[in-house]
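Undergrad: prediction below, plus the sequence it came from.
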Amino acid sequence: NLQALPNRPSSISPGSKDEANNVVNRVGKAWKATPGIEDWFRSQERLQGSKPNDDGTTLFEMLQEGPVVVNTHDGGRMDLTTNVSKIPGRGLPEFFLAPGMKNHDPNNIVAFDNGRAFDHGSSWQDRYVRFSYDNVESIPFWRLLKKFRTDLEDKKDHYCNMCFESARHSCSACKVAWYCSENCQKEDWKKGRNGRMKHKIMCKKFQKT
């Protein structure tokens, strides 16, 4: 809401609410000072092509890499992903992967809807969506997003699932959890971090389709 921006904090600590308020304050004022910028932004969405001219393979690959905005012919606009490491709440006991999420089927695309990630009144099952590629009207800026992720992959860093230090290897079974050492991997397998489910349990969930 551009009419009710948070006050600019006098001091800012990294990762704090004050830091978030500061970002909103700066970005909000810039948007407010540029009338029509949102309409212009939306008008640029399709200059790179509405969506890949294939059987949905490109979208399937992009969803595996991270979040993708998808517009559908029925007026829907969804922020989707099938990348397990990008799904909020993946350490919760009730977390699960929806059947078919790891399989490419243009008639039955299954993905996690980030727009429902914090809808605590819904079940985990309701946070996944199914749709056909024919129903996809457009994927905004898909060419730019694909190129950006390709460039980013060359510089990608991973962090330990236990201590957040730079990680050197991933779990050989699920490929989702990364670790800096064998000790951290064993500790996560047996106990987990800060009350989170131990990886011995979560690993099986990450592998399910």
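TA: Ah, there it is.
Undergrad: quick one: end-to-end distance for stretch 150-169.
TA: Using C-alpha to C-alpha, to the nearest Å, the span of stretch 150-169 from its first residue to its last is 21 Å.
Undergrad: buried sites along that stretch?
TA: Neighbour counts over stretch 150-169 (16 or more other C-beta atoms under 10 Å) mark 160-163, 167 as buried. C-betas here are computed from N, CA, C, even on glycine.
Undergrad: for the record, mean pLDDT for that stretch?
TA: Here stretch 150-169 scores 77 as its mean pLDDT.
Undergrad: neighbouring contacts of it?
TA: In this structure, residues lying in contact with stretch 150-169 by C-beta atoms under 8 Å, 6 or more residues apart in numbering are 170, 177-181, 184-185, 187-188, 193, 199.
Undergrad: need those in JSON lines (columns: secondary structure).
TA: Below are the contacts of stretch 150-169 laid out as JSON lines (DSSP: H, G, I helix; E, B strand; the rest coil):
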{"residue": "Ser170", "secondary structure": "strand"}
{"residue": "Ala177", "secondary structure": "coil"}
{"residue": "Trp178", "secondary structure": "strand"}
{"residue": "Tyr179", "secondary structure": "strand"}
{"residue": "Cys180", "secondary structure": "coil"}
{"residue": "Ser181", "secondary structure": "coil"}
{"residue": "Cys184", "secondary structure": "helix"}
{"residue": "Gln185", "secondary structure": "helix"}
{"residue": "Glu187", "secondary structure": "helix"}
{"residue": "Asp188", "secondary structure": "helix"}
{"residue": "Arg193", "secondary structure": "coil"}
{"residue": "His199", "secondary structure": "helix"}
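Undergrad: any idea which of those is the one closest to Thr34?
TA: Using C-beta to C-beta, Trp178 comes nearest to Thr34 of these, at 40.2 Å.
Undergrad: excluding its backbone neighbours, what's nearest the closest one?
TA: Nearest residue to Trp178 in three dimensions, chain neighbours excluded: Ala167, at 3.6 Å (C-beta to C-beta, 6 or more residues apart in numbering).
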